[in-house]
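*Asks:* Just the structure for this:
(one chain, ligands or ions: 1)
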Amino acid sequence: MAHNRRMRTQVETKRLLLRPLTGDDFDDYAAMLADPEVAAGLAESTGTSAADAWRSLATFIGHRHIRGYSHFALVEKDTGRFVGRAGPWQPHGFPGLGVGWCLDRRFWGRGYATEAAHAAVRYCFTDLGATEIVSVILPGNERSATVAERVGHRFLRELTYRGQQARLYGQSADEWRARENSATV
Ligand SMILES: CC(C)(COP(=O)(O)OP(=O)(O)OC[C@H]1O[C@@H](n2cnc3c(N)ncnc32)[C@H](O)[C@@H]1OP(=O)(O)O)[C@@H](O)C(=O)NCCC(=O)NCCS
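*Replies:* Numbers count the residues shown, from 1 in each chain. Got it, this is the predicted structure:
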């Protein structure tokens, strides 16, 4: 992948600021993952305890050091509240450049995940120069599948990911560009 020219460390959408996760996000991050409904959706999930959350947060922060990019913290611009995380992600063993999203339960149902996912997809194709991106979604996670389809992913295939049956969604840069161009005509 041709890592770009200009990899932004911060991105803004209408309602959200996307900025690097830090250790200071731990309390909010742990509160988000303590909700079993949130943890159940995550193919990467190890559990709902604060110790599980610490390891998860450390992994996403470490991923930025190793790869130069990672999921961003999502911050509500109006209030400064921590909403969740979303962004690019490719840990060892992942089936391609991934894009993912995870929101604190309190912020579901507002369109924030789709707003952040659109920005994350754009980031992958512009800042990271990706030719294709994927998302691994657990069967039955309809909310996440809906976000995936809203940002232009299509179902690619079934796969086994970390011992779990999962569904791979994704899109190519050509598909993304074609949609972008038709939207701006
Ligand atoms: C997956 C997840 C991020 C989806 O969150 P979400 O809030 O359902 O997704 P969106 O941001 O697209 O919000 C869509 C909802 O907001 C509503 N909405 C309200 N205001 C809106 C606005 N301004 N713009 C768009 N949608 C809006 C939509 O009508 C829709 O409502 P519905 O829930 O009744 O269908 C969330 O369920 C989650 O964090 N789950 C746990 C972690 C997880 O599974 N992550 C994915 C791993 S693959």
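*Asks:* List, one by one, the residues from the protein near the ligand.
*Replies:* 38, 41-42, 100-103, 108-114, 135, 137, 141, 143-144, 147 (CB under 6 Å from any ligand atom). Any C-beta I mention is one placed from the backbone N, CA and C, and that applies to glycine too.
*Asks:* Pull out the buried positions in the least confident helix or strand in the chain by mean pLDDT.
*Replies:* The weakest-scoring helix or strand in the chain, judged by mean pLDDT, DSSP states H and E, is helix 173-184 (a mean of 92). For helix 173-184, the neighbour count (16 or more other CB atoms under 10 Å) marks W176 as buried.
*Asks:* and the nearest residue to V11 once chain neighbours are set aside, how many neighbours?
*Replies:* Nearest non-adjacent residue to V11, counting by CB to CB, 6 or more residues apart in numbering: L18, 4.2 Å away. Neighbourhood size, L18 [other CB atoms under 10 Å]: 24.
*Asks:* Just want the phi and psi numbers for L18.
*Replies:* The phi and psi values for L18, taken as degrees, to the nearest 10, are phi -110, psi 110.
*Asks:* What separation is there between the residue nearest in space to the middle of the chain and R85?
*Replies:* Central residue of the chain (CA atoms, centre = their mean): G100, 2.3 Å from the mean position. Taking CB to CB, to the nearest Å as the measure, G100 falls 8 Å from R85.
*Asks:* Which neighbours do the two have in common?
*Replies:* Overlap of the contact sets of G100 and R85 (by CB atoms under 8 Å, 6 or more residues apart in numbering) consists of H71.
*Asks:* Now that E132 has come up, it's in contact with A173, right?
*Replies:* Yes. Here E132 reaches A173: they are 6.8 Å apart, a contact under CB atoms under 8 Å.
*Asks:* Please give me every residue in contact with the residue nearest to T131 when sequence neighbours are not counted.
*Replies:* Setting aside the residues directly before and after it, T131 is nearest to A173 in space (CB to CB, 6+ apart), at 5.0 Å. A173 is in contact with F125, A130, T131, E132, counting by CB under 8 Å, 6+ apart.
*Asks:* all helices of this protein, in order?
*Replies:* For the chain, the helices defined by DSSP state H cover 26-33, 36-41, 50-67, 112-126, 142-150, 173-184.
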